[in-house]
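# Sharing a model prediction with you, sequence too.
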Amino acid sequence: MEYHLGPTVLRVRDACREAAQVSEVIQFGVVGEAGTQWGLALGFTDRVAAVAVDGGGDACGESGGASRWSSPFTIPGEFLPGRWRFSPLYVRSERRSGPRFVRRLLWGAQITAGPDANALSVGAVARTLWTLPDDAVCVLQYDDRDPMATRFSVRSVKPGEALPALEEEGR
């Protein structure tokens, strides 16, 4: 469970084929995080998190790491995929598995502890975490200009097994 406390702008895209389940959470002012990651910040934070999909699957929205997002009040009221929404109070995410790719930006001051980072940061700070599973081939395509277009897949490979072919671009 993740809580993003304080003024929050976010957008989420569900997993589909090679495209990861991606969330982008932007917070400003005096804000906090609780649950999996704990922290307090003053300033501006931007967190992009991607949960990889199983490279063998073609179904959409069936990623094992799919999240459910909720908030007591958002503008607009409904959670539409890829659309920005604002919550003045907090947003909550329930995940079946944690993200394997996290990019965090901060302009201000922050103290944080958890799987994303254990840090005391002041100024302009960028951190990237990429957690790789054992015995697997991972393909990550990420562009900071369009985080919602992130493609991230994981294919399990047993020792001695041939590596799977990479998918052609444009799939």
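Sure thing, it's come through.
# Tell me the bridge partners for the residue nearest the centre of the chain.
What sits nearest the mean C-alpha location of the chain, by CA atoms, centre = their mean, is A49, with 1.4 Å. Beta-bridge partners for A49, by DSSP bridges, are S23, V102.
# Within the helices and strands, which one has the residue of the chain most remote from its centre?
The centre of the chain is farthest from one residue, G160, which by CA atoms, centre = their mean lies 32.2 Å away. Taking DSSP states H and E as the criterion, no element holds G160; it sits outside all helices and strands.
# can I assume E2 is in contact with E33?
Yes - between E2 and E33 a contact is recorded at 7.1 Å, counting by CB atoms under 8 Å. Every residue, glycine included, has its C-beta placed from N, CA and C.
# Pull up the overlap in contacts between those two.
Residues touching both E2 and E33 by CB atoms under 8 Å, 6 or more residues apart in numbering: none at all.
# more crowded one of those two?
E33 (25 against 22; other CB atoms under 10 Å).
# Quickly list what the more buried one is bridged to.
Bridge pairing for E33 - DSSP bridges - gives H4, G39.
# What residues does it make contact with?
Counting by CB under 8 Å, 6+ apart, E33 has contacts E2, Y3, H4, L5, G39, A41, T112, G114.
# one more time with 7 Å, if that's ok
Residues in contact with E33 (CB atoms under 7 Å, 6 or more residues apart in numbering) are Y3, H4, L5, G39, T112.
# Can you say which of these are buried?
Y3, H4, L5, G39, T112 (16 or more other CB atoms under 10 Å).
# can you put the contacts of E33 in CSV and add distance to P76 and pLDDT?
CSV is the format used below for the contacts of E33 (distance: CB to CB, whole Å; pLDDT from 0 to 100):
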residue, distance to P76, pLDDT
Y3, 21, 92
H4, 18, 93
L5, 21, 94
G39, 28, 95
T112, 30, 94
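# So which of these is the closest to V25?
Nearest to V25, judged by CB to CB, of those is H4 at 5.3 Å.
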